Every structure is written in structure tokens, then in C-alpha cells.
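**Student:** Below are the sequence and a predicted model; questions follow.
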Amino acid sequence: MGTVSNILRSKPDQVVHTIAADASMRDALERMAVHNIGALVVTDGERIVGIVTERDYARKCILMGRRSRETAVRELMTSPVMYVEPEETSEQCMALMTENRLRHLPVLDEGRLVGLVSIGDLVKNIISEQRFVIEQLRHYIGGHP
């Protein structure tokens with residue numbers, strides 16, 4: 001069973017992108033586009049106060065007729081933020097995401113933001129684990145050491 005810690009180590013880009021709660025949604029969208037990501041952790045100083053996603057923008061800004069330049073991130077962000085810790089398993093994360101319809105989970109270690117896992121990260125990890133098990137079974141059945 002893979003842990004969040006292992007998943008974070010396997011990611012090529014370990015940077016967690018954040019944005020201030022008082023920034024405009026336009027700034028948030030530009031940051032997401034530049035980094036090719038779908039979510040930003042929202043902060044107030046060092047404190048995590050929310051998470052904002054492309055889905056938040058689509059549902060709470062566009063559909064409501066709001067303008068991204070005039071709408072603060074804090075107006076659209078999801079808060080409080082659900083998070084996981086590094087020792088949690090990919091299965092625990094998947095259950096939390098499925099139950100709460102989430103696509104991104106911040107990773108906190110002793111209250112400090114250390115990463116972000118996406119549903120894509122979890123699926124990739126689970127597929128990798130399954131491939132490993134299948135290969136081990138092939139070797140076992142085939143009589144190879």
C-alpha cells in the first residue's frame with residue numbers, strides 16, 4: 001500500500017502553489033494556467049484558509065455571472081480544507097476524495113503544508129502498484145525467481 005509520502009516523492013514537481021485569499025480570481029486563474037494545474041491552496045500569511053479550483057471558478061463565478069477580476073479568491077474558495085498527512089495510504093485518500101467529491105488534497109505534516117495530491121496522482125500510484133503485483137505473480141507462476 002502506497003503512502004502519501006511515497007506519492008509526493010514520486011512527483012517530478014514538488015512545489016505547492018498557493019495564493020492569498022484577497023487575490024483576484026483572475027490572478028488565481030493565471031497562476032493555474034502558467035503552472036498547468038487545477039487548484040491552488042489559499043493562504044492568509046502562513047495559515048491555510050482554503051483551496052480554490054477551476055471547478056470553483058466555473059460553478060461559483062462564471063455560472064453566477066461574476067467577473068474574475070472583481071471577485072476575490074476568498075469568495076469562491078472551499079473552506080475549511082480537508083487534508084491528509086504523509087503517512088496516510090492512497091486507499092484512505094481515495095476514499096476521502098470519493099466520499100467528499102474532491103480532486104485535490106493538501107498534505108500537512110505537523111500543521112505545515114508539504115504537498116498536494118490529486119486524484120490523478122492517486123490513480124497513477126495505484127496502477128503502478130497493481131503492475132508491480134502482476135509482474136511478481138507472473139514471475140511466481142512462471143517459475144522465475
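**Tutor:** Ah, there it is.

**Student:** what about His104, neighbour count?
**Tutor:** Counted by other C-beta atoms under 10 Å, the residues lying close to His104 total 23. Heads up, the C-betas are built off the backbone N, CA and C, glycines and all.

**Student:** residue ranges with poor pLDDT in the protein?
**Tutor:** For the chain, applying pLDDT under 70 flags the ranges 1, 144-145.

**Student:** go with 90
**Tutor:** 1-2, 10-15, 45-47, 58, 60-68, 111, 123-145 (pLDDT under 90).

**Student:** which residues pair with the residue most central in space within the chain across the strands?
**Tutor:** Geometric centre of the chain, nearest residue: His104, 2.7 Å, by C-alpha atoms, centre = their mean. With DSSP bridges applied, the residues forming beta bridges to His104 are Ser118.

**Student:** quick one: secondary structure of Val16?
**Tutor:** Three-state call for Val16 (DSSP: H, G, I helix; E, B strand; the rest coil): coil.

**Student:** ok, the residue nearest to the centre of the chain - contacts?
**Tutor:** Contacts for His104 (C-beta atoms under 8 Å, 6 or more residues apart in numbering) come out as Gly38, Ala39, Ile51, Thr53, Leu116, Val117, Ser118, Ile119.

**Student:** same thing but at 10 Å, please
**Tutor:** By C-beta atoms under 10 Å, 6 or more residues apart in numbering, the contact set of His104 is 37-41, 51-53, 55, 78, 81-82, 97, 116-121.

**Student:** Filter these down to just the buried residues.
**Tutor:** Among these, those classed as buried by 16 or more other C-beta atoms under 10 Å are 37, 39-41, 51-53, 55, 78, 81, 97, 116-119, 121.

**Student:** Out of these, name the ones that lie in helices.
**Tutor:** Arg55, Met97, Ile119, Asp121 (DSSP state H).

**Student:** which one is the third one nearest to, not counting chain neighbours?
**Tutor:** In other words, Ile119. Arg103 (4.9 Å; C-beta to C-beta, 6 or more residues apart in numbering).
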